[in-house]
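Q: requesting a structural model of the entry that follows:
(chains A and B)
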Protein chains: 2
Amino acid sequence: MLSGMGTEHEMTESLTSAPAVLPSWRETPSRQRILEFVAVAVAGIPPEDRIAVFDNDGTLWCEKPLPVQADFLLRRIGELADRYPALRSRQPFKAVSEKDHDWLGGAITKHYQGDDADLREMAAGLLQAYEGTTVDEFAELARDFLVKGEHPTLNRPYADTAYQPMRELIDYLVANGFSCYIATGGGRDFLRTVSADVYGIPADRVIGSSVALEYRDGRIVHTARLDVFDDGPAKPVRIWSRIGRHPILAVGNANGDLPMLRAAGGGRREPLRIVVVHDDAQREFAYTAGATEAIAAAEAENWVAVSMAGDWSQVFGPR
Amino acid sequence: MLSGMGTEHEMTESLTSAPAVLPSWRETPSRQRILEFVAVAVAGIPPEDRIAVFDNDGTLWCEKPLPVQADFLLRRIGELADRYPALRSRQPFKAVSEKDHDWLGGAITKHYQGDDADLREMAAGLLQAYEGTTVDEFAELARDFLVKGEHPTLNRPYADTAYQPMRELIDYLVANGFSCYIATGGGRDFLRTVSADVYGIPADRVIGSSVALEYRDGRIVHTARLDVFDDGPAKPVRIWSRIGRHPILAVGNANGDLPMLRAAGGGRREPLRIVVVHDDAQREFAYTAGATEAIAAAEAENWVAVSMAGDWSQVFGPR
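A: Model prediction:
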């Protein structure tokens, strides 16, 4: 049904000009509800309280076949395994070194089945990937990867897998006095290196996961310990800790975004909650794994469920 | 010497009008170096890198005879001891209930002598003070206290013990494209409630200590566990974590600010480091306890040591 709708709209769009606001959004109820919410907010909510928060992976940019940062970290694990053969006897160095995709993929599959043992072993290895690196060295490596690293199937660099309709939504909100923040389960210092260029969101408005950092002799360096995994119930806590205000608009795509979505409004204002649904195998990916509860909540509680296939006339911007 | 200088300047100032920029700063080398640094920054550093960080207690407002938040928390401890008599058998509830200033003052004195046992017991009690309170309830109580709570000797509410010259410095920096942040060893969510009104610094630019917060059934509440004590080496780490850039200007007054001061510039730019020296017993307080290393570093390394007595024509603004 959705793909049929998509085709029909594509035909219409080829004959008419795109609207000035949210041009990559088709004229569907999703778009209409966003426009209405923003109009009401502008009329009644002071600018300092117009706070919007966005998850990143799967909400603002593509997270398949692997979250961007997982590729970044696994490549580093491979480099370390090449450089230090002793590492190859343990996971995840062994699997990366031997290109054992079964182990790597299995760790994630088992995680969804409730068995976290392999994923924890992988995470412990990933945490070591940049141990001792300064935040400045890390930023340079991260940015280089994001700008130059090619997505395996979309034929564009990772930084260009951002969804064009979401970039337009952020621009539209900013133009209407909103402050937009990213609350990512991925690495804060990883995403920060491109957030201003890709989304117009400055580094200080990126909230996310991080290894513990340490101050050593005037430099700030990465340790191998996790500081915060910014997902699930940690998201609303970290959002408050960072902003000191309750968002009135929250956008996510996965079950880990549910606490952030539910906490929006802070019990004081009626918020807009948006869940991006990945139903577009043709232009992006179609999947619901890890997202079924979020999608069900959106339907049951009348949030905005954005169909990538139905609501967006284009998914990606120019390369 | 400094007080003599002060008197001379006061005479001059009574005959001439105050300058338009930094009017509460006397025309001393401290003021001159600030003006020169800002001029150079404006000419050569892009606005997004013009980041300034300020400690709060003793740097932006008065921290004597007791840090503001200590008074706030001890009053609450007193209320809890009144309400729950069982608490009165243990510290710090016992000391507050019995007005045992020797125990309370002794905990701090012993801390400076290297014995932290009593201070830890006090801190554990203080952490319990708002357990279970939502962040919104806490914000209301904190703001009420700061706006209405009277400083014990300065004859004005705590929120009005902010130093007028520092408010002018923040305004001056903002007017020159700087982004100003507070990195306080005190409570982040405590100070946030007045930071915009007192300093023009919005809530999301306040970095500081916090109890761990928890997300429970759609609400964000205080626990009795410490999340972060934002002092010493934690300061530069937390500043990076929040901002994602290195400050080029840092202002502190105590030894706990030294890592923040040293980390300024990030090894990439020559920063301006300022240490506020409390040498004005007449208008504020004169003390060096907990600050001797910071003052020594300022002298040895040619940072700007701001003499409250000598460099400021007035300390506090209108009530």
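Q: make it CA atoms for all contacts and neighbour counts henceforth
A: Noted.
Q: surely residue A:273 forms part of a strand?
A: Yes: Residue A:273 sits within a strand when classified using DSSP: H, G, I helix; E, B strand; the rest coil.
Q: tell me, how many residues neighbour it?
A: Number of residues near residue A:273 (other Cα atoms under 10 Å in any protein chain shown) recorded here: 26.
Q: secondary structure class of residue A:281, three-state.
A: coil.
Q: residues from the stretch 201-319 of chain A in reach of chain B?
A: When proximity is defined by Cα under 8 Å from any Cα of the partner chain, the stretch 201-319 of chain A lies next to chain B at A:203-205, A:213-215, A:218-220, A:233-234, A:236-237, A:242-245, A:259, A:262-263, A:266-267.
Q: in helices, which of those appear?
A: Here DSSP state H is the test, and these give A:234, A:236-237, A:242-243, A:259, A:262-263 as lying in helices.
Q: compare those residues and tell me which is most surrounded.
A: Using other Cα under 10 Å as the neighbour criterion, residue A:236 leads these with 31 neighbours.
Q: for that residue, which non-adjacent residue is closest in space?
A: residue A:260 (4.8 Å; Cα to Cα, 6 or more residues apart in numbering or on different chains).
Q: just residue A:25 next, same as before
A: Nearest non-adjacent residue to residue A:25 (Cα to Cα, 6+ apart): residue A:312, at 4.6 Å.
Q: any idea how far that neighbour lies from chain B?
A: According to Cα to the nearest Cα, to the nearest Å, residue A:312 and chain B sit 31 Å apart.
Q: how long is stretch A:255-274 end to end?
A: Length of stretch A:255-274, first residue to last, Cα to Cα, to the nearest Å: 13 Å.
Q: contacts made by that stretch with the rest, please.
A: A:34, A:37, A:55, A:231-233, A:235-236, A:246-252, A:290-294, A:298, A:303-306, B:215, B:218-219 (Cα atoms under 8 Å, 6 or more residues apart in numbering or on different chains).
Q: need the contact list for residue A:210.
A: Residues counted as contacts of residue A:210 (Cα under 8 Å, 6+ apart) are A:187-189, A:226-229.
Q: rerun at 10 Å
A: If you count contacts by Cα atoms under 10 Å, 6 or more residues apart in numbering or on different chains, residue A:210 has them with A:127, A:185-190, A:222-223, A:225-230, B:241.
Q: also residue A:21?
A: Contacts for residue A:21 (Cα under 10 Å, 6+ apart) come out as A:35, A:168-169, A:171-172.
Q: among the contacts of residue A:210, which lie within helices?
A: A:127, A:188-190, B:241.
Q: need the residues you listed in TSV with pLDDT, can you?
A: TSV is the format used below for these (pLDDT from 0 to 100):
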residue	pLDDT
A:127	88
A:188	97
A:189	97
A:190	97
B:241	97
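Q: between those residues, which is closest to residue B:27?
A: residue B:241 (36.6 Å; Cα to Cα).
Q: name the residue most distant from the centre of chain A?
A: residue A:86 (34.6 Å; Cα atoms, centre = their mean).
Q: let me see the confidence value for that residue.
A: With respect to pLDDT, residue A:86 has a value of 92.
Q: who's in contact with it?
A: Contacts of residue A:86 by Cα under 10 Å, 6+ apart are A:80, A:93-94.
Q: then residue A:149?
A: The contact partners of residue A:149, by Cα under 10 Å, 6+ apart, come to A:68, A:71-72, A:142-143, A:156-159.
Q: can we see that at 6 Å?
A: Residue A:149 makes contact with residue A:157, according to Cα atoms under 6 Å, 6 or more residues apart in numbering or on different chains.
Q: and it, backbone torsions?
A: phi -70, psi 130 (degrees, to the nearest 10).
Q: cool, and residue A:99?
A: phi 50, psi 40.
Q: could you chop chain A up by domain?
A: Following automatic domain parsing, one finds the domains of chain A at A:2-64+A:155-311, A:68-148.
Q: so which of the ones you listed is the most packed in?
A: Comparing these by mean neighbour count (mean count of other Cα atoms under 10 Å in any protein chain shown), domain A:2-64+A:155-311 ranks first with a mean of 19.
Q: not counting sequence-adjacent ones, nearest residue to the residue nearest the centre of chain A?
A: For chain A, the residue nearest the mean C-alpha position is residue A:56 (1.6 Å; Cα atoms, centre = their mean). Of all residues not flanking residue A:56 in the chain, residue A:184 sits nearest, at 5.2 Å (Cα to Cα, 6+ apart).
Q: residue contacts, that neighbour?
A: Residue A:184 neighbours (Cα under 6 Å, 6+ apart): A:55-56, A:208.
Q: out of these, flag the one nearest to residue A:119.
A: residue A:208 (19.5 Å).
Q: tell me the contacts of the closest one?
A: Residue A:208 makes contacts with A:183-185, A:187-188, A:230, as judged by Cα under 6 Å, 6+ apart.
Q: just those residues now: which is nearest chain B?
A: residue A:188 (8.4 Å; Cα to the nearest Cα).
Q: how close does that closest one get to residue B:169?
A: Distance, residue A:188 to residue B:169, by Cα to Cα: 31 Å.
Q: okay, helices next: where are they in chain A?
A: Under DSSP H, chain A gives helices at A:2-15, A:29-44, A:68-83, A:93-97, A:101-112, A:117-127, A:135-148, A:164-175, A:188-199, A:234-243, A:258-263, A:292-300, A:308-311.
Q: would TSV of those helices with distance to residue B:98 be doable?
A: Listed next are those as TSV, based on distance: least, Cα to Cα, whole Å:
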stretch	distance to residue B:98
helix A:2-15	72
helix A:29-44	50
helix A:68-83	57
helix A:93-97	61
helix A:101-112	55
helix A:117-127	50
helix A:135-148	50
helix A:164-175	55
helix A:188-199	48
helix A:234-243	35
helix A:258-263	42
helix A:292-300	53
helix A:308-311	66
